[in-house]
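Trainee: model this:
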Amino acid sequence: MTERTKRSLRAGLRWTSLRLRLVVVFALVALTAAVSASGIAYWLNREAVLTRTQDTALDDFRRQMQDTAAALPVRPTKDDLQRAAGQMASGGPGYSVLLVDERERGKPIVGFSDLDTFTRDDVPDSLQKQVARKQPLNSDNEHEYHLFWQRTSITDTPYLVAGTRIIGGGPTGYMLKSLDQERQDLNSLAWSLGIATTLALIGSALLAQAAATTVLRPVQRLGDAARKLGEGKLDTRLTVSGTDELADLSRTFNRTASSLEKKVADMSAREESSRRFVADMSHELRTPLTAITAVAEVLEDEADSLDPMIAPAVHLVVSETRRLNDLVENLMEVTRFDAGTARLVLDDVDVADQVTACIDARAWLDAVDLDAERGMMVRLDPRRLDVILANLIGNALKHGGSPVGVRVRIEGEELVIEVRDHGPGIPEEVLPHVFDRFYKASASRPRSEGSGLGLSIAMENAHIHGGDITAANSPDGGAVFVLRLPRDASALTGGGADGGSGQGDDIEDGGAS
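Mentor: Take a look at the predicted model:
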């Protein structure tokens, strides 16, 4: 994945996180405010329009009933009602009129201003009953009959229907007023408010985007700087401007980065100084050790002819001299790994021959059971493979006891070598530390033959090949070390000569105590 693709992916993730949430929150707030304002405005305008139209029509209808319908004779004819209804409708604000009376008891007569528009069937029964009901007279009610109205719908058209009766005898009048024009006006208002809400929503989204960009740009720069800092670019700093919280955060980041850079520099300097000290010490020790080793070898050759009282001391000097020589070689190898100067010198290796040569060189043939087929070719550093095998097998012989089983196999593109002993196994509390430097499983033998570096060096040699070593206990008893290396380590070759010999005789770390 290219760096550009990674940046695009990170930008996409940012868009789907904080930026999107800011836009959504802004949009929701704007939508809620716009819908609430539009709803309130629509409701107030609706009530105002309908109330104004309704009051105008009812007031005019009441006046027409008092002036025109009340002037009719006590027993009007149908023509009288028809004429009065037409007169009332023509003088009113666009409504139809229906007058109902009785010429004789039980024989009602009806007058219409427009028979096609308004008939008695259009008046709801509930309204007719309410209009015809005589109201009880009291201090709060001085009239037997009142004007009643209701809104209804006829063939999907809204109407205002009202009715009243002449007090003291006279016709009952009904009025039908269409509210279709008001509905159209309110629909236009609703569309206008809807468009305004949509525009407000779009505007809020744009404002949210602008605000999010303003807020998130410093956050994005801070995130990029933090990633660079995490990648090891400790000189990364932010340009600080302003006095807000983000500016304070940027200043805090810069102070933290400066402190971290200083501490890492101090630690690196101390580490380099320690590494140089170990390397210099190891080199300085090699010259006197060479002389001491030569003298020790001469003394060892003459040990049989020395005084029996002196011979044990001679053997002790020889043994400790060899141990000190191995320790110096191991320290030099460790410093090469720490300094990054260790290099692979690759060659095509027959694994079975290599393992056999390692075992034979150390006279372990009688104590090791080897399971390896000839012809398994790999491309590795044979010297480093020998170091790994010497430490693993020697550790198993020393702490686990013979017979030690060594099984070699190829799994896909990996070389797998399993070293198993038949000892008591490795204590569970020791397993996580068997590859640590200078770690010894038993505190009771701090002056044992090994230095505590053998398995650590084996692991470093495995890592430089791009492999690994694992340690575990077998269910059948004994410790099992499994080495996994790539069949071809050519991709890891850094060029140059190998960084040293790295002896494999020091094998103290590993097995059970």
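Trainee: what are the ranges of the helices in the protein?
Mentor: Taking DSSP state H, the helices of the chain run over residues 3-14, 20-67, 78-91, 125-132, 180-230, 245-301, 311-339, 351-361, 382-399, 454-464.
Trainee: Dump those helices to a markdown table, plus mean neighbour count.
Mentor: For glycine as for every other residue, the C-beta is placed from the backbone atoms N, C-alpha and C. Output for those, formatted as a markdown table (neighbours: other CB atoms under 10 Å):
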| stretch | mean neighbour count |
| --- | --- |
| helix 3-14 | 11 |
| helix 20-67 | 15 |
| helix 78-91 | 18 |
| helix 125-132 | 14 |
| helix 180-230 | 15 |
| helix 245-301 | 13 |
| helix 311-339 | 18 |
| helix 351-361 | 18 |
| helix 382-399 | 24 |
| helix 454-464 | 24 |
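Trainee: could those helices be laid out in a markdown table, adding mean pLDDT and distance to Asp116?
Mentor: Listed next are those as a markdown table, based on pLDDT from 0 to 100; distance: least, CB to CB, whole Å:
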| stretch | mean pLDDT | distance to Asp116 |
| --- | --- | --- |
| helix 3-14 | 52 | 67 |
| helix 20-67 | 83 | 20 |
| helix 78-91 | 85 | 13 |
| helix 125-132 | 87 | 21 |
| helix 180-230 | 82 | 16 |
| helix 245-301 | 77 | 74 |
| helix 311-339 | 71 | 107 |
| helix 351-361 | 89 | 110 |
| helix 382-399 | 87 | 109 |
| helix 454-464 | 84 | 101 |
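Trainee: now for those helices, which one comes closest to Ile166?
Mentor: Ranking the helices of the chain by proximity to Ile166 (CB to CB) places helix 20-67 first, at 6.7 Å.
Trainee: pretty sure Asp436 contacts Ser456?
Mentor: Yes - at 6.6 Å, Asp436 counts as touching Ser456 under the criterion of CB atoms under 8 Å.
Trainee: Nearest approach to Gly423 belongs to which of the helices of the chain?
Mentor: helix 382-399 (6.0 Å).
Trainee: Compute the inter-axis angle for the closest one and helix 351-361.
Mentor: Here the directions of helix 382-399 and helix 351-361 differ by 50 degrees (axes from the mean of the first three to the mean of the last three CA atoms, to 10 degrees).
Trainee: Let's see helix 382-399 as CSV, backbone CA atoms only.
Mentor: Output of helix 382-399 as CSV, limited to C-alpha atoms (Å, rounded to 0.1, in the frame of the first residue of the first chain):
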residue,chain,number,x,y,z
PRO,A,382,26.2,-22.1,8.1
ARG,A,383,28.3,-20.7,10.9
ARG,A,384,25.3,-19.0,12.6
LEU,A,385,23.2,-22.2,12.1
ASP,A,386,26.0,-24.1,13.8
VAL,A,387,25.9,-21.6,16.7
ILE,A,388,22.2,-22.0,17.1
LEU,A,389,22.4,-25.8,17.0
ALA,A,390,25.3,-26.0,19.4
ASN,A,391,23.5,-23.9,22.0
LEU,A,392,20.2,-25.7,21.7
ILE,A,393,21.6,-29.3,21.7
GLY,A,394,24.3,-28.5,24.3
ASN,A,395,21.7,-26.9,26.6
ALA,A,396,19.4,-30.0,26.2
LEU,A,397,22.3,-32.4,27.1
LYS,A,398,23.4,-30.3,30.0
HIS,A,399,20.0,-29.7,31.7
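Trainee: Which strands or helices does it pack on?
Mentor: strand 347-350, helix 351-361, strand 404-411, strand 414-420, helix 454-464, strand 479-486 (3 or more CB pairs under 8 Å, 6 or more residues apart in numbering; DSSP states H and E).
Trainee: And for stretch 91-99, what's in contact with it?
Mentor: Contacts of stretch 91-99 with the rest of the structure, by CB atoms under 8 Å, 6 or more residues apart in numbering, involve 56-57, 60-61, 64, 68-69, 81, 84-86, 88-89, 110-114, 117-120, 123, 160, 171-178.
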